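S.K.: Show me the folded form of this:
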Amino acid sequence: MNDLDYLFVLKALNEIPFGVGRKLLIDYLRGNEDNESIKRNKLHLLEHFGSLTYEKHEINQIIDNLLANNLIGLAGINSNKFWKVLEITKKGIDEISDPSLYKKKIAFNLKGIKNEITEQEKQIFSSFDFFLKTFSDEQKKAIICSKKEILCIAGAGSGKTTALTKRIEFMIKYRSIDPKKILAITFTRKARQEMMKRLPETDVMIETFNSFCEKMLRQHQQLIYNRPVRVINYRDKIIMVNKALSTINMDMKRAIDTYFSYQQKRSKTDEQLARIFMNDCFFLRDYFKFKNKQIQELDFSGIDAEHKKSADMLFTACSYIEAYMKKNGLRDFADQLIDTIALFTNHPETIPRFEHILVDEYQDVNSTQIKLIDLLNPENLFCVGDPRQAIFGWRGSDVKYILNFKEKYHDCEITTLTKNYRSTKSIVDLINRSIKSMGMPDLESEIEGEKDIKLLKFNSEQAEFEFLIQAIANSKAKRNEIFVLARTNRQLNELSSTLKQRRINHILRSDELKKSIITDENAITLATIHAIKGLEAKTVFVIGCNSQNFPCKGSEHPVMEMVKVEEYDKEEEERRLLYVAMSRAKHSLYLTYSGKNPTYFIQPDMLEIIEEQVGKKTKFSLAKSNDVVTKIKEWRTNLSKELGVPAFIIMHDRTMIDLAVKMPSTLQDLENVIGLGPAKISKYGEEILNVIYG
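M.R.: Have a look, this model is predicted:
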């Protein structure tokens, strides 16, 4: 397939005079003149009829990519709100005249990189055997390499934190570097604490980007502010958002109802929804600040009519927050970085001078953080990261900085850590195949062990949950050595609800919070993939491995995605998310899904490794089905008495059985149940779901 093929799909949607379903669009692109709708509407006379002669599944992948990147969208039709058609978005129309998506496809070209060990380095290895003997040659090279600029590409489970901290220890002990002249910088407090734990009692400055900036601003506050300025806290955020809403006569409850759809509100408390809305307000404000742009109403002009009210509300909140923070002397994470850059630019004498700067998780840096590193201008720079694990493009990270390192630092050394010390060979083989299109060096497993990888299909999401509960109960792994990973907060919250009902101890780590549920130290961790990066477990379940979640179709932040002009290919990042999820597993990996097919990210060559158990019957199925049929039958009987109509008028026995087999969890899922048309779903849909899961 060609990089520009997606433009034919956009042009087709732009020229077809009405919204079309997938089947019709695919038939149109493949030139199928037998399609009745194509004949009736004379679509075969249009310019792009028959413009893509690919297999259906290949065109489906192009459509999914365009949906993931908001170049096309799903819209309801007036005659039936349950039917969705594909339509080109404003962003998609702009893409036709100025194509940019194909440029975001990343060409890594790093597969040929080899760690060449020089004779001099071998002699150093030998001389420092007492210090280096437990490490592999590639780790030893990362620890002792003396080039001015070094990029270390460290694969999953390859011991990058060990290499980075041992490099610092080596420099202090054996190269006589003053520890006060060393800055180690990372992204999270957890990573910072881990580094500090491995380097106790040293004067090395170990910081996150934000903690470093905050120290600089406190030290030189008088040079950049004309009064005291402090970092905002959670309470400040709540006050600001509520004040902003009050200026347009709104309260948080009405804001939530305006901003979120029914689907987005499902399984979340008002507190969680308020937190998401509040975070979106601050995230959007920061997004524009990082781009050095004033937030303007014009930025919201491309929003469709359905989300216009939400966009207006968000614009009001962001504008109010910006003014309030200036007036009251407040700063947040974005301000810390931007104000520090301003301090260093206007007062170069305040820039601390480091001989060595070491940057962790370099694949996650954004343009502002790069500008900060450039201003610090260290004599020596050591950056470590993994392009395969670049999963934060949605918040401004840019993987190109790690990929283009050699273009910026021509005389640099690029080393790789390819030995995986975490996962069995079969798991490492699987993750290698999952991102082979990225052109990265393959990882090599250092752990032998029996293959325990399965792909399991279920009739519904609830059936997935039931299997999961049974599998955890039967697992030989300790509870705290089990991860359950989901792509979305919605899946996670619904699963957590089910586990709470069964009084199963677990720790919930979502994108919004981390909390323990009726837990002791022996609990399963449940998490979104973004929240679990960097951690590992003996047994990992990845739920929802279908095309709805990989690439993720839904969004909990609809207006955010429309306002942000993405600078990355969302589909590629979604593929890397699945890679990150699978690479957490040490020994056992279970991929589960409901629906017709698993995600197309699971390619045929991956299935050669996976023990596929599609359609497998599990022990709970029969008992669960009988329970659902009993509950539905009771509901039908009561309703027939109340309405004075025969029970079969409300629902056929065949429909009850199909409900029990398919276990639908949403109104959209009900469309696939035998005997439930749009009228019945509209009338009884909510009640049916409540009966099944209530």
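
S.K.: wait, what's in contact with the residue lying closest to Lys289 once chain neighbours are set aside?
M.R.: Using CB to CB, 6 or more residues apart in numbering and skipping the chain neighbours, the partner closest in space to Lys289 is Ala334 (4.6 Å). For glycine as for every other residue, the C-beta is placed from the backbone atoms N, C-alpha and C. Ala334 sits next to 285-286, 289-290, 368 when contact means CB atoms under 8 Å, 6 or more residues apart in numbering.

S.K.: So Ala334: helix, strand or coil?
M.R.: The three-state label given to Ala334 by DSSP: H, G, I helix; E, B strand; the rest coil is helix.

S.K.: if I look at it, how far off is Leu358?
M.R.: Going from Ala334 to Leu358 by CB to CB, to the nearest Å gives 24 Å.

S.K.: hmm, back to that, tabulate the contacts of Ala334 in CSV, adding columns for secondary structure, neighbour count and distance to Ala523.
M.R.: Converted to CSV, those look like this (DSSP: H, G, I helix; E, B strand; the rest coil; neighbours: other CB atoms under 10 Å; distance: CB to CB, whole Å):
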residue, secondary structure, neighbour count, distance to Ala523
Arg285, helix, 22, 36
Asp286, helix, 20, 34
Lys289, helix, 19, 39
Phe290, helix, 17, 37
Thr368, helix, 19, 38
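
S.K.: now, which of these sits nearest Met196?
M.R.: Nearest to Met196 among the contacts of Ala334: Thr368, at 24.6 Å, using CB to CB.

S.K.: if I read this right, the closest one contacts Gln336, doesn't it?
M.R.: No - counting by CB atoms under 8 Å, Gln336 is not a contact partner of Thr368; they are 10.1 Å apart.

S.K.: Tell me how many other residues surround Ile649.
M.R.: 11 (other CB atoms under 10 Å).

S.K.: any low-confidence regions in the protein?
M.R.: Scanning the chain for pLDDT under 70 picks out the ranges 1, 76-83, 103-112, 267, 296-306, 511-521, 554-567, 611-626, 661.

S.K.: Closest to the mean position in it, which residue would that be?
M.R.: By CA atoms, centre = their mean, the mean C-alpha position of the chain lies nearest to His530, the distance being 5.2 Å.

S.K.: quick one: what helix or strand has Thr539 in it?
M.R.: According to DSSP states H and E, Thr539 maps onto strand 537-542.

S.K.: what do you get for Ile507?
M.R.: For Ile507, the host element (DSSP H and E) is strand 506-509.

S.K.: Please name every helix or strand in contact with that strand.
M.R.: Contact partners of strand 506-509 among helices and strands, from 3 or more CB pairs under 8 Å, 6 or more residues apart in numbering; DSSP states H and E: helix 489-501, strand 514-517, strand 524-528.

S.K.: Compile these into CSV and extend it with columns for distance to Lys181.
M.R.: Listed next are the helices and strands packed on strand 506-509 as CSV, based on distance: least, CB to CB, whole Å:
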stretch, distance to Lys181
helix 489-501, 43
strand 514-517, 36
strand 524-528, 38
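
S.K.: closest one to Ala75 among those?
M.R.: Short answer: helix 489-501, nearest of these by CB to CB, at 21.4 Å.

S.K.: Go through the helices and strands packed on strand 506-509 and pick out the most buried.
M.R.: strand 524-528 (a mean of 25; mean count of other CB atoms under 10 Å).

S.K.: tilt between it and strand 537-542?
M.R.: Using axes from the mean of the first three to the mean of the last three CA atoms, to 10 degrees, the direction of strand 524-528 lies 50 degrees away from that of strand 537-542.

S.K.: Mind listing residues that contact the first helix or strand past strand 524-528 going along the chain?
M.R.: Using DSSP H and E, the next helix or strand after strand 524-528 towards the C-terminus is helix 529-532. Helix 529-532 is contacted from outside by 391-392, 483, 485-487, 509-511, 514, 525, 577-578, 580-581, 584, using CB under 8 Å, 6+ apart.

S.K.: now with 6 Å?
M.R.: If you take CB atoms under 6 Å, 6 or more residues apart in numbering as the criterion, helix 529-532 is touched by 485, 509, 511, 577, 580-581.

S.K.: Tabulate those residues (CSV), appending secondary structure and neighbour count.
M.R.: Converted to CSV, those look like this (DSSP: H, G, I helix; E, B strand; the rest coil; neighbours: other CB atoms under 10 Å):
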residue, secondary structure, neighbour count
Leu485, strand, 28
Arg509, strand, 20
Asp511, coil, 15
Leu577, helix, 25
Val580, helix, 22
Ala581, helix, 29
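
S.K.: re the thing from before, on contacts alone, who are the packing partners of the strand holding Thr539?
M.R.: Under the contact criterion of 3 or more CB pairs under 6 Å, 6 or more residues apart in numbering; DSSP states H and E, strand 537-542 touches strand 482-486, strand 585-594.

S.K.: Give the buried residues for the helix or strand that the last one is followed by.
M.R.: Yep, that's strand 585-594 we're talking about. Remark: after strand 585-594, the chain's next helix or strand is helix 604-607, criterion DSSP H and E. Neighbour-count burial for helix 604-607, with 16 or more other CB atoms under 10 Å as criterion, is recorded at Met606.

S.K.: and helix 604-607, C-alpha only, in PDB?
M.R.: C-alpha atoms of helix 604-607 as PDB (Å, rounded to 0.1, in the frame of the first residue of the first chain):
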ATOM      1  CA  PRO A 604      -0.900 -13.000  11.000                       C
ATOM      2  CA  ASP A 605       2.800 -13.500  11.900                       C
ATOM      3  CA  MET A 606       2.000 -12.700  15.500                       C
ATOM      4  CA  LEU A 607      -0.700 -15.400  15.500                       C
END
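
S.K.: which strands and helices sit next to that helix?
M.R.: When contacts are defined as 3+ CB pairs under 6 Å, 6+ apart, helix 604-607 packs onto helix 425-434.

S.K.: how far is the helix it packs on from where the chain is centred?
M.R.: Taking the mean of its C-alpha atoms, helix 425-434 sits 20 Å from the chain's own mean (CA atoms, centre = their mean, to the nearest Å).

S.K.: Which is the succeeding secondary structure element to it?
M.R.: Counting by DSSP H and E, what follows helix 425-434 is strand 444-447.

S.K.: which of the residues in that following strand are buried?
M.R.: Within strand 444-447, the residues that count as buried by 16+ other CB under 10 Å are 445-446.
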